[in-house]
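S.K.: sequence below, structure please.
(one chain, ligands or ions: 2)
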Amino acid sequence: MSSCGWWLVYSLMTVRTEKKTTSSCLVQPLPSREHNSQGDGEDLDQPRKYPRSPMADESWRLPNSVQQLAATGQEPSGRYLLREDEPLGRNLAGAEMPEAVPVIDLGLLSASNDADEAAKLRSALQTWGFFQVSNHGMEALMDSVMTTSREFFRLPIEEKRKYSNLIDGKHFQIEGYGNDQVKTQDQRLDWSDRLHLKVEPEDERNLAHWPIHPESFRDVLHEYTLKSKRIKDDILRAMAKLLDLEEDCLVNQFSDRALTYARFNYYPPCPRPDLVLGIKPHSDVFALTVLLMDKDVAGLQVLRDGTWYSVPAVSNYTLMINVGVTMEIMTNGVFRGPVHRVVTNAEKERMSVAVFYGMDPEKEIGPIADMLNEEQPARYRKMKNKDFLVAHYEYFTRGERVVDALRI
Ligand SMILES: O=C(O)CCC(=O)C(=O)O
Ligand SMILES: [Fe+2]
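M.R.: Ligands and ions are numbered 1, 2, ... in the order given. The predicted structure follows:
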């Protein structure tokens, strides 16, 4: 596989020696959960590619601002519509969840080793692969992040385009404002616009993509990502304990060169919510996602046992956490990345802000050695993270999941 591509944007990095632990895993792998074959790769980790210059007849490569399309009030074009043979069906009305999304008190979980909270975490990870956290100390900041993000998307299109993810208006790059890369003419497009930024390593931030309007944007994002890192670490410690690993075993997998991206998703109202998705089905490819959802407008749906369940909007300052496929590989399939999608609605706009925690591109990802023994051999092959991310993208464009290809 070609390892050229998007990772060329990274400078040579020092790979930190990982801390070894001596514990072993006593947790049984979960029963397999179905995965969708289409969405295991959004623009998050798409290689930074420079396709040859679009010719006049290749204008289909350049997606429109969905916000602008929505403002016309016209029906979405066929490029946004689900097809008859949609692999996971065309019924976008999600079912009501059989139980409320598990809410875990992060203060209790991390400070007091609370057995109830740990049990809730285990159950959430084994059933849904996602859960909410409360008591995380980010409450005030969540409002600022949402307000600032909305202000950004309300700016005139010319202002937002200053941060475009299309170089010279043509060549796709991973960071910036815009939409997914359009690879093929029949690619189904998402009804959303995004601003996608690398936030860590901090010395790799490309500030040219960080909006200067609204004025508070950069400071708010900086503070938010610092604090949300603490949440990620608390959760990783609790997860390590569930796996009978040394407490810092998972935290130590993330070196100071580990990648973190923030993605601001903006979903305008859509005249055809019955046929158009805000984000197509996918599993997040990094290890862990901290998701700040719109507190008034629902849209997220999660696939479980062949049914799409709607996640209700919550106005209680909880943050949604979900496992990504890197974690699935690291935990040898014990914790799995749920397949999810976002639906649209005819009346209201929706916003969400996702922070994705990944690994150092130079690091090899694979099942953690301390989880393996004779009874529980490795279920995934090892792969260099940067190659994994490139492969992820290649598989995605073929409608396959890279994680399945790594299965032994
Ligand atoms: O908007 C949401 O609730 C989910 C967004 C999402 O799945 C993503 O950005 O990967
Ligand atoms: Fe996602």
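
S.K.: show me the contacts for the closest residue to residue 327 other than its chain neighbours.
M.R.: The shortest distance from residue 327 to any non-neighbouring residue, by Cβ to Cβ, 6 or more residues apart in numbering, is to residue 287 (4.3 Å). Where C-beta positions appear, they are placed from N, C-alpha and C, glycine not excepted. Counting by Cβ atoms under 8 Å, 6 or more residues apart in numbering, residue 287 touches 253-254, 323-324, 326-327, 330, 357-359.

S.K.: phi first, then psi, for the one residue in the stretch 251-400 of the chain that gets nearest to ligand 1.
M.R.: Residue nearest to ligand 1 within the stretch 251-400 of the chain (Cβ to the nearest ligand atom): residue 352, separated by 3.3 Å. Torsion angles at residue 352 (phi, psi; degrees, to the nearest 10) stand at phi -150, psi 160.

S.K.: show the pLDDT at it.
M.R.: Looking at residue 352, its pLDDT reads 98.

S.K.: over to residue 80?
M.R.: The score at residue 80 is 95. That number is its pLDDT.

S.K.: residue contacts, it?
M.R.: Taking Cβ under 8 Å, 6+ apart, one finds 188-191, 272, 275-276 in contact with residue 80.

S.K.: separation between it and ligand 1?
M.R.: Using Cβ to the nearest ligand atom, to the nearest Å, residue 80 is found at 17 Å from ligand 1.

S.K.: ChimeraX command for the buried members of the contacts of residue 80?
M.R.: A single ChimeraX command selects the buried members of the contacts of residue 80 (16 or more other Cβ atoms under 10 Å):
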select :188,189,190,191,275,276
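
S.K.: lowest pLDDT pick from the contacts of residue 80?
M.R.: Across these, the bottom pLDDT score, 89, is held by residue 188.

S.K.: follow-up on the earlier one: take the contacts of residue 287 and keep only those in helices.
M.R.: Members of the contacts of residue 287 lying in helices (criterion: DSSP state H): 326-327, 330.

S.K.: neighbour-wise, which one of the residues you listed leads?
M.R.: residue 327 (28 neighbours; other Cβ atoms under 10 Å).

S.K.: so residue 79 makes contact with residue 190?
M.R.: No. Assessed by Cβ atoms under 8 Å, residue 79 is found out of contact with residue 190, at 10.3 Å.

S.K.: in this structure residue 210 contacts residue 217, no?
M.R.: Yes. Assessed by Cβ under 8 Å, residue 210 is found in contact with residue 217 at 6.9 Å.

S.K.: right, I'll call it a day here.
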